[in-house]
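S.K.: I'll drop the sequence and a predicted model, then ask my questions.
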Amino acid sequence: MTAAHVRPCLAASLALLAAGPAVAADDHWEHTAVLYGVGASMEGEAGVGNLTADVDVGFDDILDNLEFGAMASWRAEKGRWSVLADLIYMRLEQKKDGLGPLGGTRATVDAGQVITELDVGYAMTERLSAYGGLRYWNLDTDLQVVVGPPVNTNLADSTRENWVDPVVGLRYVLPLSANWELVAKGDIGGFGSGSDFAWHTTAFASWKFAEHASLLVGFRMLGVDYEDGSGPGSFTWDVTEGGPALGVAWQF
């Protein structure tokens, strides 16, 4: 994952950052539960053992390749402090034909992934918060490469990998009116303790259409560069995924 991939996404999330007034003290927890979906695309490279394949699923193909997806988050705030728990589950299958010098090679990547996050935030101003926490990745990956004539070989391998990335980031909230606000957040992580490097960015508009309910429209992107082992026992997952997001939030 290069800096060129990271800068545009982080810049989009952090462009609104500015100082704001101090946070008022509060003596009770406020909770927000969110159910949402991401029209995700995937780009990068996956490798199991000696097999590697490009992972390139565009937004227009994602519904054909998405077998199942569920996403939810919960956020609690009290005074300057906040706690966030987030869950993503997706199962994707990507097939590519016409590969190789003669166009007779077909590659299939079947990946199930669970991504969970738990972090703690602290509001430095009424609008700007810093947060840190842990993001857990669990990948169940099957990779198959079928080489056509004149070789006529079927190669397959699979693995299950999991790791934990520490993350640090910023979150900014910009009120627009009584019922509208913009929220942007971005973080980086990994630092060689789990993945080599990871990043995440989210930006969305929130419309409060009822006393305790809001509609969220925006985007979410995640990237990770993870490698484990070498040779036949190696695993590589260098992938960027995400896209436009739509969700509903309940405040209580």
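M.R.: Thanks, I have the structure now.
S.K.: hmm, residue 56 and residue 109 touching each other?
M.R.: No. Using CB atoms under 8 Å as the test, residue 109 is too far from residue 56 to be in contact (9.8 Å). C-beta coordinates here come from the backbone N, C-alpha and C atoms, glycine included.
S.K.: overlap in contacts of these two?
M.R.: Taking CB atoms under 8 Å, 6 or more residues apart in numbering as the contact criterion, the common neighbours of residue 109 and residue 56 are residue 94.
S.K.: any low-confidence regions in the chain?
M.R.: Where the chain drops to pLDDT under 70, the residues are 1-26, 57-68, 95-107, 145-156.
S.K.: can you map out the strands along the chain?
M.R.: 30-38, 41-48, 51-57, 66-78, 81-99, 105-123, 128-147, 153-175, 180-189, 197-210, 213-228, 235-251 (DSSP state E).
S.K.: in JSON lines: the ones you listed, plus mean neighbour count.
M.R.: Listed next are the strands of the chain as JSON lines, based on neighbours: other CB atoms under 10 Å:
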{"stretch": "strand 30-38", "mean neighbour count": "16"}
{"stretch": "strand 41-48", "mean neighbour count": "20"}
{"stretch": "strand 51-57", "mean neighbour count": "18"}
{"stretch": "strand 66-78", "mean neighbour count": "15"}
{"stretch": "strand 81-99", "mean neighbour count": "17"}
{"stretch": "strand 105-123", "mean neighbour count": "18"}
{"stretch": "strand 128-147", "mean neighbour count": "18"}
{"stretch": "strand 153-175", "mean neighbour count": "16"}
{"stretch": "strand 180-189", "mean neighbour count": "19"}
{"stretch": "strand 197-210", "mean neighbour count": "19"}
{"stretch": "strand 213-228", "mean neighbour count": "19"}
{"stretch": "strand 235-251", "mean neighbour count": "18"}
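S.K.: contact partners for residue 49?
M.R.: Contacts of residue 49 (CB under 8 Å, 6+ apart): 157, 159, 231, 232, 233, 234.
S.K.: rerun that using 6 Å as the cut-off
M.R.: 157, 232 (CB atoms under 6 Å, 6 or more residues apart in numbering).
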